[in-house]
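Colleague: Need a 3D model of the sequence below.
(one chain, ligands or ions: 1)
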Amino acid sequence: MNVQQMELTASHPLALPVGVTLDRYIMHRQTAFPYATGELSQLLRDIALAGKIIHREVNRAGLIDLTGGMGVQNVQGESQQKLDMIANIRFSRALKNGGEACAIISEEEEDIIYTGNNHGKYVVAIDPLDGSSNIDVNVSIGTIFSIYRRVTPIGTEPTLDDFLQGGRRQVAAGYILYGSSTIMVYTTGHSVNGFTYDASLGEYILSHPDIHSPANGQIYSYNDGNVEGYEEGVQQFLNGCRKKQFTARYIGSLVADFHRNLLKGGIYLYPPTQKAPDGKLRLLYEAFPLAFLAEKAGCLATSGHQAILDIKPYSLHQRTPLYIGAPLMVENLVGMLG
Ligand code: P6P
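Modeller: Reported below is the predicted structural model:
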């Protein structure tokens, strides 16, 4: 392997320093892969651009009446927030105009969104704005995205098969967290890097190079209101966390809870509940992308029965239980499950 193709982790002499822009980082990484022809780079830029627009909308939502519901439900039966729809439109438009994605699936849309770019090599699964019920109370929310190289022939209309390839076939995955600052964290299958958005420059700046999550942690994130319906092994695990006086942190926004646990060490749990016997979170645009990124950062992600990335997908909006975070915490939990 030549120097260029070696892993450009933070410690590598060719790694880029904190402070480099996302654009420069994407170009630099592309040169490390001679066969790269730039389409994935452009796709990542398109997603980053939409994230800048959502950053602006989220930060002025209260000022121009973008908070609150649309008075309709989305395909999930959840009340659609105004910003949900805006985010869905913005990401769909950015990906259509960018030309690299031949199709998109979105939490907000029942069916495949055909972009008309049938020569695009990639398909994108996206949750445009996860945790949107928190918008009105100023709690962090996030976008989650997952990218696959299409399996159908270039030039033809994409099909369901392009989206049901399985989690380990993702070529890139990540999230954009709109919190006290806006940060884009993603991987293309090697290192995991975080870029904080500087609105004054209109640039994402490398702020968290080569993220490696702690092997263990003392933070556990779950909705205690559901605990009565949890299986015995999960309750046993939670009791153990309480006895060890671990920190319970749950803000009802998966991307925010995940990001904190990724950096500090912890576990997020959304087990099957009476209301959601298959779990609440969606496989294709929540669990798969976060599990792909988590594993690249040294974490584990499981449904309780198998690694999330090994689940065979069968439908666009299927749900899964999700336990994701520090490997020693996840392994401890799995050891308690039936
Ligand atoms: P509950 C938001 O709707 C979401 O998908 C995740 O962001 C969040 O972690 C979870 O659901 C919250 O669900 O049932 O605890 O309100």
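Colleague: where does Pro128 land in three-state SS?
Modeller: Remark: Pro128 carries the secondary structure label strand [criterion: DSSP: H, G, I helix; E, B strand; the rest coil].
Colleague: Tally up the residues packed near it, please.
Modeller: Using other CB atoms under 10 Å, Pro128 has 28 neighbouring residues. All C-beta spots, glycine's among them, are computed from the backbone N, C-alpha and C.
Colleague: what's the answer for Asn59, then?
Modeller: Around Asn59 there are 12 other residues, counting by other CB under 10 Å.
Colleague: what does this structure have sitting close to the ligand?
Modeller: By the criterion of CB under 6 Å from any ligand atom, the positions of the chain lying close to the ligand are 130-131, 133, 223, 252-254, 257, 280-281.
Colleague: one more time with 8 Å
Modeller: Applying CB under 8 Å from any ligand atom, we find that the chain lies next to the ligand at 78, 127, 130-134, 142, 221-223, 225-226, 250, 252-257, 268, 270, 273, 275-276, 280-281, 286.
Colleague: Please produce a ChimeraX select command covering the buried subset of those residues.
Modeller: Applying 16 or more other CB atoms under 10 Å to the residues of the chain next to the ligand leaves a buried subset, and the ChimeraX line that selects it is:
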select :127,130,131,132,133,134,142,221,222,226,250,253,254,255,256,257,268,270,273,280,281,286
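Colleague: where's the residue nearest to Arg149 when sequence neighbours are not counted, which helix or strand?
Modeller: Taking CB to CB, 6 or more residues apart in numbering as the measure, Arg149 lies nearest to Val171, with 5.4 Å between them; neighbours along the chain are not counted. Here Val171, judged by DSSP states H and E, is contained in strand 170-178.
Colleague: Not counting that strand itself, show me its contacts.
Modeller: 40, 43-44, 47-48, 51, 54-55, 58-59, 122, 140-149, 182-189, 255-256, 258-259, 288-290, 292-293 (CB atoms under 8 Å, 6 or more residues apart in numbering).
Colleague: Which element is encountered next along the chain beyond it?
Modeller: strand 182-187.
Colleague: re the thing from before, among the contacts of strand 170-178, which lie within strands?
Modeller: Secondary structure assignment by DSSP state E places 122, 141-149, 182-187 of these in strands.
Colleague: Buried among the residues you listed? Need that as a selection in ChimeraX.
Modeller: The buried residues among the ones in strands among the contacts of strand 170-178 can be selected in ChimeraX (16+ other CB under 10 Å) with this line:
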select :122,141,142,143,144,145,146,147,148,182,183,184,185,186,187
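Colleague: Tally up the residues packed near Asn118, please.
Modeller: By other CB under 10 Å, neighbour count at Asn118 equals 16.
Colleague: just to revisit the earlier point, quick check: helices, which of the residues of the chain next to the ligand are part of them?
Modeller: In helices, judged by DSSP state H, the following of the residues of the chain next to the ligand are found: 254-257.
Colleague: Give the rounded mean pLDDT of stretch 243-260.
Modeller: Across stretch 243-260, the average pLDDT comes to 98.
Colleague: how far is it from where the chain is centred?
Modeller: From the chain centre to the centre of stretch 243-260 is a distance of 16 Å (CA atoms, centre = their mean, to the nearest Å).
Colleague: what's the answer for stretch 74-86, then?
Modeller: 18 Å.
Colleague: How about stretch 177-188?
Modeller: Average the C-alpha atoms of stretch 177-188, do the same for its chain, and the two points are 10 Å apart (CA atoms, centre = their mean).
Colleague: mind saving the C-alpha coords of that stretch as CSV?
Modeller: Coordinates of each C-alpha in stretch 177-188 appear next as CSV, following Å, rounded to 0.1, in the frame of the first residue of the first chain:
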residue,chain,number,x,y,z
LEU,A,177,-26.3,17.8,14.9
TYR,A,178,-27.9,21.2,15.3
GLY,A,179,-27.1,22.0,18.9
SER,A,180,-25.1,24.6,20.8
SER,A,181,-23.1,24.4,17.6
THR,A,182,-23.8,22.6,14.3
ILE,A,183,-21.4,19.7,13.7
MET,A,184,-21.2,17.2,10.8
VAL,A,185,-19.8,13.9,11.8
TYR,A,186,-19.3,11.2,9.1
THR,A,187,-17.2,8.3,7.9
THR,A,188,-16.5,6.9,4.4
